[in-house]
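*Asks:* Give me a 3D structure for the following:
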Amino acid sequence: MPGSGTRPDYQGRAFWVTGYRKGELRPVQVSRQQLSETGDVIVETLYSGISRGTESLVFNGRVPETEYERMRCPFQEGEFPYPVKYGYANVGRVLEGPVSLRNRLVFSLFPHQTCFRIPEAAVVPLPDTVPPERAILAANLETAVNALWDATPRVGDRAVVIGCGVVGCLVAWLLSRIPGTRVQAVDPDPGKAAVLERLGVRWRAESDGRDDHDLVIHASGHPEGLDTALAMAGVEGRIVEMSWYGDRPVPLNLGGAFHSRRLSLIASQVGRIAPAQAPRWSHRDRMALALTLLQAPELDVLINANGDFTELPKAMATVTAPDSGVLCHRVNY
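*Replies:* Numbers count the residues shown, from 1 in each chain. This next block holds a predicted model:
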């Protein structure tokens, strides 16, 4: 029982991955004690997003044991493979905390949970011009921003993006906003054509056979896509690999033109700030930039499914199926 003068805890629920392609909602208690002393805030979730690529690996038990620590998300509970509370696209309202934040809409890298306590420094306020329904894309857009920092695109670059999930679409959209850049998106799914048209990017189902691209970004998650990326890069071209394959081996053809064209293969991963920016940018700065970029209304096209939090165990199984066709699924609380 709470002691005299203490405030009762908030009662909430959280989504846990409990086994191979299985999940459930579990009760949680969120303490309200000593908030000012710890510098924490309490947030009520309004929306969260399923980050389909990474969460598919987690839900399908495909995280290799060697990557258990590196794959941890900031506020994960439990251990891989399961049970584990995982996720990092949360938009909510601050219920308790400093006066400057109270009732503010914020983004945080918190899993799917109705209410939670988190350090004040871990929430980033939404710009007034960004609707909370769209802000669930912030983590994906932050990943895309970091990829462009790694890729160092140049005015006029002939660029191609292979693989048009949410992150690939965001990378193509960002590239297309650089003056003079010619951007081609490649994805075998014809359903991506209308999405990319809305983003102002040309779509093709497969390579057009050109091998003179200055910059190729691979984000398909399929090993054969990386071979396509190598084939499309021109002399001294840059290939940025964004895919993470979990426990799948990735055979790669480094014969042929790889050496004669002196190609550069660059890994990009959001856990670290791109080296060229790291001396001046923090993770919080990068997230604030991503939220500012989310003012663009055309990005709503990337959220093509939604459902209530109470349905999340069933929805996660549907969204993470290989043929689901879902880009981003919004969870409504």
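*Asks:* Skipping its backbone neighbours, what lies nearest the spatially most central residue of the chain in space?
*Replies:* With distances taken as Cα atoms, centre = their mean, the residue of the chain nearest its centroid is Asn140 (3.0 Å). Distances taken as Cβ to Cβ, 6 or more residues apart in numbering place Val166 nearest to Asn140, at 4.8 Å, with adjacent residues excluded. C-beta here means a position set from N, CA and C on the backbone, and glycine is covered the same way.
*Asks:* all helices for the protein, in order.
*Replies:* Using DSSP state H, the helices of the chain run over 35-38, 52-59, 138-151, 166-176, 192-198, 223-232, 257-260, 283-293, 312-319.
*Asks:* Would you check that Pro74 makes contact with Tyr88?
*Replies:* Yes: in this structure, Pro74 is within contact of Tyr88 by Cβ atoms under 8 Å, at 6.7 Å.
*Asks:* picking that back up, and the gap between the residue nearest to the centre of the chain and Gly61?
*Replies:* Separation of Asn140 from Gly61 (Cβ to Cβ, to the nearest Å): 23 Å.
*Asks:* cool, and Pro190?
*Replies:* Applying Cβ to Cβ to Pro190 and Gly61 gives a distance of 31 Å.
*Asks:* which one of these two has more residues nearby?
*Replies:* Ranked by neighbour count (other Cβ atoms under 10 Å), Pro190 and Gly61 place Gly61 first, with 16 against 9.
*Asks:* Now that the more buried one has come up, it's in contact with Pro81, right?
*Replies:* Yes: the pair Gly61 and Pro81 passes the contact test of Cβ under 8 Å, sitting 4.7 Å apart.
*Asks:* Show me the common contact partners of the two, please.
*Replies:* Contact with both Gly61 and Pro81 is made by residues Tyr20, according to Cβ atoms under 8 Å, 6 or more residues apart in numbering.
*Asks:* Just the CA atoms of stretch 10-25, as PDB, please.
*Replies:* Below are the C-alpha coordinates for stretch 10-25, written out as PDB (Å, rounded to 0.1, in the frame of the first residue of the first chain):
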ATOM      1  CA  TYR A  10      -0.400   5.100 -12.900                       C
ATOM      2  CA  GLN A  11      -1.700   1.700 -14.300                       C
ATOM      3  CA  GLY A  12      -0.900   0.900 -17.900                       C
ATOM      4  CA  ARG A  13      -0.200  -1.800 -20.400                       C
ATOM      5  CA  ALA A  14       2.800  -2.600 -22.600                       C
ATOM      6  CA  PHE A  15       3.300  -4.900 -25.600                       C
ATOM      7  CA  TRP A  16       5.800  -7.700 -25.200                       C
ATOM      8  CA  VAL A  17       7.100 -10.200 -27.800                       C
ATOM      9  CA  THR A  18       6.800 -13.500 -25.900                       C
ATOM     10  CA  GLY A  19       7.800 -16.100 -28.500                       C
ATOM     11  CA  TYR A  20       8.300 -16.700 -32.200                       C
ATOM     12  CA  ARG A  21       5.700 -14.500 -33.900                       C
ATOM     13  CA  LYS A  22       3.800 -14.200 -30.600                       C
ATOM     14  CA  GLY A  23       3.000 -11.100 -28.500                       C
ATOM     15  CA  GLU A  24       0.800 -10.000 -25.600                       C
ATOM     16  CA  LEU A  25      -0.200  -7.000 -23.600                       C
END
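*Asks:* And that stretch, what's buried?
*Replies:* Buried residues in stretch 10-25, counted by 16 or more other Cβ atoms under 10 Å: 10, 12-17, 23, 25.
*Asks:* Next: stretch 195-204.
*Replies:* Buried, per 16+ other Cβ under 10 Å, within stretch 195-204: 195-196, 198-199, 201, 203.
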